[in-house]
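[1] take this sequence and fold it.
(2 chains)
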Number of protein chains: 2
Amino acid sequence: MDFFNVVSVQEARDRVMENFKNYEFEVEKVPLLECSNRILAEDIYSNIDVPEFNRSTVDGFAIKSKDSYGASESIPSLFNIVGEVHMGKVSEYHIESGQAIYVPTGGMIPEGADGVVMIEYTEKLDESNLMVYKSISFNENMILKGDDIKIGELALEKGTRITPEVMGVLAALGMNQVKVYGKPKFYIISTGDEIIDLDEKLELGKIRDINSYALYSLIIRLGGDVVGKNIVKDDYELLRTEVEKAVEVSDIVLISGGSSVGTRDYTNKVIDSFKGKGVFVHGISIKPGKPTIIGEGEGKLIFGLPGHPVSSIIVFKAVVESFIKGKMNIRDFSPKTKAIIDFNFPSASGKETYQMVKLKEKDGKVYAIPSFGKSGMITLLSNSDGYIVIKSFEEGVYKGEERDVFLL
Amino acid sequence: MDFFNVVSVQEARDRVMENFKNYEFEVEKVPLLECSNRILAEDIYSNIDVPEFNRSTVDGFAIKSKDSYGASESIPSLFNIVGEVHMGKVSEYHIESGQAIYVPTGGMIPEGADGVVMIEYTEKLDESNLMVYKSISFNENMILKGDDIKIGELALEKGTRITPEVMGVLAALGMNQVKVYGKPKFYIISTGDEIIDLDEKLELGKIRDINSYALYSLIIRLGGDVVGKNIVKDDYELLRTEVEKAVEVSDIVLISGGSSVGTRDYTNKVIDSFKGKGVFVHGISIKPGKPTIIGEGEGKLIFGLPGHPVSSIIVFKAVVESFIKGKMNIRDFSPKTKAIIDFNFPSASGKETYQMVKLKEKDGKVYAIPSFGKSGMITLLSNSDGYIVIKSFEEGVYKGEERDVFLL
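    Numbers count the residues shown, from 1 in each chain, chains lettered A, B, ... in the order given. Next up is the predicted model:
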């Protein structure tokens, strides 16, 4: 690694964006029910009013509201019941002064009416006479045509994640099919003579491939697809052959395991050996995660991630996720919470430091307690709830400070 | 609805748990890669040490640490290089005093060594002589055998959600297959003469089936499966036939749309018509969501949810999710954040009120701004980031208070 070429996290993100400014993720039309958690690839303008007619929000009687003015428990107003509105049917009535029509919750308000008095405040004297014990105001207990979404209105913006609530809006608009971004295709390569997969026998000196599995799960959660996954030995030719396969079928190639100097060197050479810009980030001033390299080959984005699971997860979150979010205009409110720092933690200035923490609630306040451990330890992460980011210009964090904790 | 039988949210949760205390969700063995976001159905004890041997966390030279005591930039210590450790290989060396062996990051520490000095603090004079310019302490730059996870240790508890970090731990333990809870099977029924599906023509008086789609997406996000989904007209026999189909194939039946008194009445009768305990919650003191009924038929949990999308989503989160989490021992730190309330909001005392809010960051503080709207409006939800819960004994919330905002 060229130590003089280490760049800040922001600079790494900027270089990725700059080098892939013309890269486009596929867009596909997907049936609404399969859209959970996908990202809208178009602005959605409504071509209907929602609702398309004035609806009652209660079970009650539709009337002209001014006819109820002055009505109270001691001095009720008298109305003439002229009928009943049925759910899903167009009401053929036109309300005149002094008339009332029964409307169920969600039913269509008949013409002429401008308010609904709840059934609890009425009393039927007989089939055609109604006492009303309460005055209602104009448009009370009604949702008006277009109240929810107006025709022509921008209902949902490109880049919106399809949460249950957003899916509700798409259903209201009658969208059978939705244009969403295709799932970004990832290819995961673990390198290292010591790395073995789950179905291999664990011999002394070997370790299980942890990174691929953690990265796989991060990709699924992000909404991506893993199109290939393999372990290769520490060998230039083997790695080059694998990357060649990878760039053909994926958008993003993640090579993990290159923490030792030798491995990093030939990962570098492999990336540079393809048609394209080659390696354009030679290290990031992030802790953990410094020995990260990023480049372009055959038009595809290639990451050389550190071998330690914690480091590779942090770099994935800091740079890979940020690239996808940027490209798809995703504007999630990221899952984070404010917490009071429960420790003094001086940090290596000049590096953006990601410190893992556990959250603890006490007396209605949330405290962040540091999880300490060596960066090769996977339990360091699985025992943490989130992390705080100490910027490179800060000298650390101090007990009592309130900080954002980004949830894992 | 029997107004005298309305119960608190907690009481509703308790009754569901009590009535289904013997209900068990299926447990299945699933390949690790398909386990993302699933819930562990067993405690996982480690049958190995992770790592299984002492490893170096840096590129450097393994030595006896006490041999380096006193070494500094001006007075280096001299070592004899006796070899090199290869990744994935067992080191056959035994370090004696004054000897050093090159070890790459992650490599196995040879016997006799108890520390690694980083390559940056060394200088090779020739193939067999090494200058060391820094003193290291006992076990410096090493992860010891079992440091991450010890043999026999409870590594992960039943009820743990398989996040990327947890998947990393499972991979480290060599778990090819994992026992997880089966996906809870839901059946969604929308009732109402006015409700039409996405592929039907929207005529005046009709409205789109919003609830089914929002519920569908909530279920997917929760980790459930939707095994059936249908719209039925407001008719006792039709609804009974559909529920009969539903209880056969699902764990939980969601009937949505019964907000008007008539619909609620026969949803009640339908639930009571099956073998079982019938309806045991006749309304919940929750706002919105009061006209919710809950019962048991043929051993299955049946919900009669309000017809308004916002209400049915709130009840799903407050009661359905809580049931699943309780049954599976899920102990997620729920996605919430502290925020400063930006409004005065008196609440109907005696009811647990769920107030939708938008979050806004200003000067490093997070403010919660109320989203107001009528409860039939789906945009009320899609324009919100989360909600605050005002307990039934509270009189409301006041500007400047700090509260938990539960993220949508």
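
[2] what residue spans form the domains of chain A?
    Domain assignment of chain A by automatic domain parsing yields the ranges A:3-26+A:183-327, A:28-47+A:154-181, A:55-143, A:336-407.

[3] the shortest one - what's its average pLDDT?
    So the one you mean is domain A:28-47+A:154-181. Averaged across domain A:28-47+A:154-181, pLDDT comes to 95.

[4] what about it, start to end distance?
    Using C-alpha to C-alpha, to the nearest Å, one end of domain A:28-47+A:154-181 lies 6 Å from the other.

[5] just give me how far it sits from the chain centre.
    Centre-to-centre, domain A:28-47+A:154-181 and its host chain are 14 Å apart (C-alpha atoms, centre = their mean, to the nearest Å).

[6] do it and chain B meet at all?
    Yes. Domain A:28-47+A:154-181 reaches chain B (C-beta under 8 Å from any C-beta of the partner chain) through A:32-33, A:36-37, A:155-156, A:162-176. Any C-beta I mention is one placed from the backbone N, CA and C, and that applies to glycine too.

[7] would you agree A:A155 is in contact with A:M175?
    No. Using C-beta atoms under 8 Å as the test, A:A155 is too far from A:M175 to be in contact (9.6 Å).

[8] would you map the helices across the stretch 151-300 of chain A?
    Counting by DSSP state H, counting those that start in this stretch, the stretch 151-300 of chain A has helices at residues A:164-172, A:211-222, A:236-249, A:261-272.

[9] now what about the shortest one, what contacts it?
    Same thing as helix A:164-172. Residues from elsewhere that reach helix A:164-172, judged by C-beta atoms under 8 Å, 6 or more residues apart in numbering or on different chains: A:32, A:35-36, A:40, A:44, A:50, A:148-149, A:155-156, A:160, A:162, A:178, B:198, B:207-218, B:221, B:309, B:313, B:378-379, B:381-382, B:384, B:408.

[10] and for stretch A:397-408?
    With C-beta under 8 Å, 6+ apart, stretch A:397-408 has contacts from A:317, A:334-345, A:347, A:355, A:357, A:359, A:366, A:368, A:381, A:384-390, B:163-165, B:333, B:335.

[11] same thing but at 7 Å, please
    A:334-345, A:357, A:359, A:368, A:381, A:384-388, A:390, B:163, B:165, B:335 (C-beta atoms under 7 Å, 6 or more residues apart in numbering or on different chains).

[12] same thing with stretch A:350-367?
    Here stretch A:350-367 has contacts from A:8-9, A:285-287, A:314, A:337, A:339-340, A:342, A:345, A:347, A:368-371, A:380-381, A:383-392, A:405, B:333, B:338, using C-beta under 7 Å, 6+ apart.

[13] can you tell me the element the residue lying farthest from the centre of chain A falls in?
    Distance to the chain centre peaks in chain A at A:D126, reaching 56.0 Å (criterion: C-alpha atoms, centre = their mean). In this structure, A:D126 sits in neither a helix nor a strand according to DSSP states H and E.

[14] look up how far A:L215 lies from it.
    74 Å (C-beta to C-beta, to the nearest Å).

[15] equivalent analysis for A:V320, please.
    Separation of A:V320 from A:L215 (C-beta to C-beta) stands at 9 Å.

[16] pretty sure A:D342 is touching A:I369, no?
    Yes. Taking C-beta atoms under 7 Å as the definition, A:D342 is a contact partner of A:I369 at 4.9 Å.

[17] got a PyMOL select line for the buried ones in the residues of domain A:28-47+A:154-181 next to chain B?
    The PyMOL command for the buried members of the residues of domain A:28-47+A:154-181 next to chain B (criterion: 16 or more other C-beta atoms under 10 Å in any protein chain shown) is given here:
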select buried, chain A and resi 32+33+36+37+155+156+162+163+164+165+166+167+168+169+170+171+172+173+174+175
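
[18] can you tell me what sits against stretch A:51-64?
    A:79, A:95, A:97, A:100-110, A:112-119, A:122, A:130, A:141-145, A:148, B:202, B:204-205, B:207, B:260-261, B:374, B:376.
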